[in-house]
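Visitor: I would like to see how this sequence folds:
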Amino acid sequence: MGERKNADNTLRSQVDGYGFDRSQDPNSDAYDEFMAGYLPVLARRESRWKSLVSKGGDIAKNRKVKRFCRKGIPNEHRKYVWMLLSGAEEKKKMNPKTYKLLLLGEKDSTVVETIALDLHRTFPENIYFSTKDGLRSSLSNVLIAISHHNPDKGYCQGLNFIAGLLLLIVKDEESVFWLMDCLMNEILPDFYSPGMEAVKAEQELLGEIIKWKDPVLYQHMDTVGVHWCLVGTKWFMCLFADVLPTETVLRIWDCMFYEGSKVLLRVSTMLILQNRDRLMACSNFTSMVNELQSIIKNPQSLNCHKLMKHCFKRLGSFPHSRIEKMRRECLARVGD
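Guide: Numbering: from 1, shown residues only. Modelled structure (predicted):
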């Protein structure tokens, strides 16, 4: 009996609070060390957010709330805050029958089959998605509904990881559906269109931002022969889910649901610039690509508090007018 209890305790210690098995994670010790210091930070943030959301109702977009989002939303308040800031709560209230009707309605068999193939590939290391029980059925429902609600976009890979992580946090299919709808139509319009021109342009835009912020590094990467389409495809397609550590992804999303897509560019830029020395040391294409693939596993990426602080403090201003001008130019190049 004692051996079984010890085995159960060992299993629980290897699974984090979101259900991800960390037994094979080479950074598990670094994760434990980080979380030990991060938990007091979360406790302080919880006390501040509690006073903000205790009154209920809407949350006004202002400097205080923006600052709060940048410093992180406590997990117990994420659903409430994300739904309000994104506009998903309003959509849900205005369309109370939409989600159920989509699930009951006629389906495109090709879309359903494509989604079914992706279900077992979605977070297989997570105890809630590793079997047919758990959240796979909910994930299937959300993906089928959102794809049929947006037939011009349909379904594409990347959406499964976004919906999966949202389900782990929000724990409600219909709310996840409306958050996905806001992401696809308001926050990241055209990211998930069939041609993916917006995502391709965003990758090119990342290159232009590196050129602006660090022209020496940009020139070195260009000389080595790295094309920006190789750098951030998965970063942008799944919004860093299944790329960065969960705590880091959630901190990025806290800002994204308030500030929009620009935070994805800030984080992508910071990931590259904070590994500048290692990238500058790469002398050929292969070593550069390998280094770019490894920076997401760097312990620096685990410290979400420091990473997000650097994204806003070290990178300086990202003027909306300049970013939009650069984005239009990148879109034009991609479209040629």
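Visitor: measure residue 131 to residue 137 for me?
Guide: 11 Å (CB to CB, to the nearest Å). Quick note: C-beta positions are derived from backbone N, CA and C, even for glycine.
Visitor: Please apply the same query to residue 269.
Guide: For residue 269, the distance to residue 137 - CB to CB - is 38 Å.
Visitor: of these two, who's got more company?
Guide: residue 269 (20 against 12; other CB atoms under 10 Å).
Visitor: from what I can see the more buried one touches residue 209, true?
Guide: Yes. Contact criterion CB atoms under 8 Å: residue 269 and residue 209 qualify, at 5.3 Å.
Visitor: ok now the lengthiest helix in the chain, how far from the chain's centre?
Guide: Secondary structure of the chain read by DSSP state H shows that its longest helix is helix 28-53. Counting by CA atoms, centre = their mean, to the nearest Å, helix 28-53 is centred 19 Å from the centre of its parent chain.
Visitor: buried set for it?
Guide: Within helix 28-53, the residues that count as buried by 16 or more other CB atoms under 10 Å are 31, 34, 38, 45, 49, 53.
Visitor: JSON lines please, covering these and showing distance to residue 103 and pLDDT.
Guide: Listed next are the buried residues of helix 28-53 as JSON lines, based on distance: CB to CB, whole Å; pLDDT from 0 to 100:
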{"residue": "31", "distance to residue 103": "37", "pLDDT": "82"}
{"residue": "34", "distance to residue 103": "40", "pLDDT": "86"}
{"residue": "38", "distance to residue 103": "38", "pLDDT": "86"}
{"residue": "45", "distance to residue 103": "36", "pLDDT": "87"}
{"residue": "49", "distance to residue 103": "33", "pLDDT": "91"}
{"residue": "53", "distance to residue 103": "30", "pLDDT": "86"}
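Visitor: which residue sits closest to residue 276, ignoring its sequence neighbours?
Guide: residue 217 (5.6 Å; CB to CB, 6 or more residues apart in numbering).
Visitor: residue contacts, the one you found?
Guide: Residues near residue 217 by CB atoms under 8 Å, 6 or more residues apart in numbering: 210, 272-273, 276, 279-280.
Visitor: How is it assigned, secondary-structure-wise?
Guide: Assigned with DSSP: H, G, I helix; E, B strand; the rest coil, residue 217 falls in the helix class.
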